[in-house]
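1. Show me how the following folds:
(one chain, ligands or ions: 1)
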Amino acid sequence: MHAYTLIAPGKINLYLEIIGDRPDGYHELIMILQSIDLADRLTLRSNGLQKCRLSCSHPQVPLDETNLAYRAAVLMEQEFPKEFANYGGVDITIDKQIPVAAGLAGGSTDGAAVLVGLNLIWQLGLTQLELQNLAALLGSDLPFCVSGGTAIATGRGEKLDQINNLANLYLVLAKYDSIAVSTPWAYQTYRQQFSDSYINHLSGIEAKTHQVHAGPLVGAIVHKDGAKIGQLLHNDLEKVVLPAYPQVAQLRETMQQAGGLGTMMSGSGPTVFTLCESREQAAEIQQKIRQKLPDSDLQLWVAQLSNRGIQVETAS
Ligand code: C5P
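-> I've put the predicted structure just below:
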């Protein structure tokens, strides 16, 4: 096979708790990550050259080493020089459907897709776990993007435990085009303001009584209890992002009032989502939000939760 087209789904966080800091500058997290069917489509085609080239349908997406798809190709060239020399490089084309700089792992899922695609084209035979170990070298969200579905993520976000899928739920996503939140800024600001509550900053007794709240949400997911899941959504980064971006806070408020099972910001934002029990409910809520916030800068999507990570669509 010389060309593969891959579907690369985005993700939301149903839960994000920051429990500690780490010597490497990252944070210890407990997250519940969920794939959505809003997805990019990547084509990888052998080009017969000794280099990989990148292009993207979205003009704002950089094509240099700041792009995780580019970095994934460079990593694979370095890790597998013999196969790279044998099979040659690929032209990578990204058809961008996931909003850019949105907190939906759009860049991470593209990087994960390049790892999966080159594994196939260079016939490396890497297992999903081996791909996830490579993915972790590129970013905290990439290992999840390889496998997708619904998962508890701990450590930096790279240690994964899969849970039952939730593909029967829907969501409305909303994002202001003009607002971008820096993820490092969000984590650093959280550290400045809330590090007193980190488990590794607490005394022995306090640390022992430290509560981890993800348990009830995992229970609700296992029982596929949409109403409970909606009530138990949690994201610590809202505590720093919402006060700094009042427009996002107002969007969240408006969405919450419009109904649905529950509303929250995804990752470090600025995308806000409302979980819904049906596509009809999601479409109704989308319309209500559009009426209340007719601002043309506001983008809205209806999506379905998905139980899949990177998938091969076509091979030729
Ligand atoms: O791993 P990734 O490059 O996606 O992370 C982006 C930024 O988010 C990091 O540079 C860091 O500032 C922050 N981060 C963190 N702790 C994590 C994950 C991300 O502080 N567990």
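2. what does the stretch 101-250 of the chain put close to the ligand?
-> For the stretch 101-250 of the chain, the contact set with the ligand under Cβ under 6 Å from any ligand atom comprises 139-141, 156-157, 183-184, 187. Every residue, glycine included, has its C-beta placed from N, CA and C.
3. Can you tell me which of these end up in helices?
-> 183-184, 187 (DSSP state H).
4. can you pick the most crowded of the residues you listed?
-> residue 187 (20 neighbours; other Cβ atoms under 10 Å).
5. quick one on the thing from earlier: can you add distance to residue 69 and give the residues of the stretch 101-250 of the chain next to the ligand back as a markdown table?
-> Formatted as a markdown table, those follow (distance: Cβ to Cβ, whole Å):
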| residue | distance to residue 69 |
| --- | --- |
| 139 | 12 |
| 140 | 17 |
| 141 | 14 |
| 156 | 21 |
| 157 | 19 |
| 183 | 18 |
| 184 | 20 |
| 187 | 23 |
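6. in the chain, which spans are helices?
-> So, for the chain - with DSSP H - the helices run 68-79, 81-87, 106-121, 128-136, 142-147, 183-194, 204-209, 214-222, 226-232, 238-244, 246-257, 279-292.
7. picking up where we left off before, of all the ones in helices among the residues of the stretch 101-250 of the chain next to the ligand, which comes closest to residue 267?
-> residue 183 (7.3 Å; Cβ to Cβ).
8. Quick check: closest non-adjacent residue to that closest one.
-> residue 268 (4.3 Å; Cβ to Cβ, 6 or more residues apart in numbering).
9. correct me, but the one you found touches residue 103?
-> Yes. If you go by Cβ atoms under 8 Å, residue 268 and residue 103 touch, sitting 5.4 Å apart.
10. And the two? Which one has more around it.
-> residue 103 (28 against 24).
11. roughly how far apart are the residue nearest to that one when sequence neighbours are not counted and residue 124?
-> Using Cβ to Cβ, 6+ apart and skipping the chain neighbours, the partner closest in space to residue 103 is residue 267 (3.5 Å). Here the criterion is Cβ to Cβ, to the nearest Å. By it, residue 267 lies 30 Å from residue 124.
12. what do you get for residue 183?
-> Distance from residue 183 to residue 124, by Cβ to Cβ: 30 Å.
13. Could you do residue 135 as well?
-> Going from residue 135 to residue 124 by Cβ to Cβ gives 14 Å.
14. Could you check which of the two has the larger neighbour count?
-> Neighbours per residue, other Cβ under 10 Å: of residue 135 and residue 124, the larger number sits with residue 135, 28 against 16.
15. what about residue 294, neighbour count?
-> By other Cβ under 10 Å, 8 other residues sit near residue 294.
16. what's the average pLDDT for stretch 132-147?
-> Average pLDDT, stretch 132-147: 97.
17. Show me the contact partners of that stretch.
-> Identification of contacts with stretch 132-147 by Cβ atoms under 8 Å, 6 or more residues apart in numbering yields 8-9, 11, 26, 33, 68, 71-72, 75-76, 79, 105, 107-109, 111-113, 115-116, 126, 128, 131, 151, 153, 156-158, 160, 162, 309-310.
18. Mark which of the residues you listed are buried, thanks.
-> With burial judged by 16 or more other Cβ atoms under 10 Å, the buried subset of those is 8-9, 11, 33, 68, 71-72, 75-76, 105, 107-109, 111-113, 115-116, 126, 131, 151, 153, 156-158, 160, 309-310.
19. Thanks again, I'm all set now.
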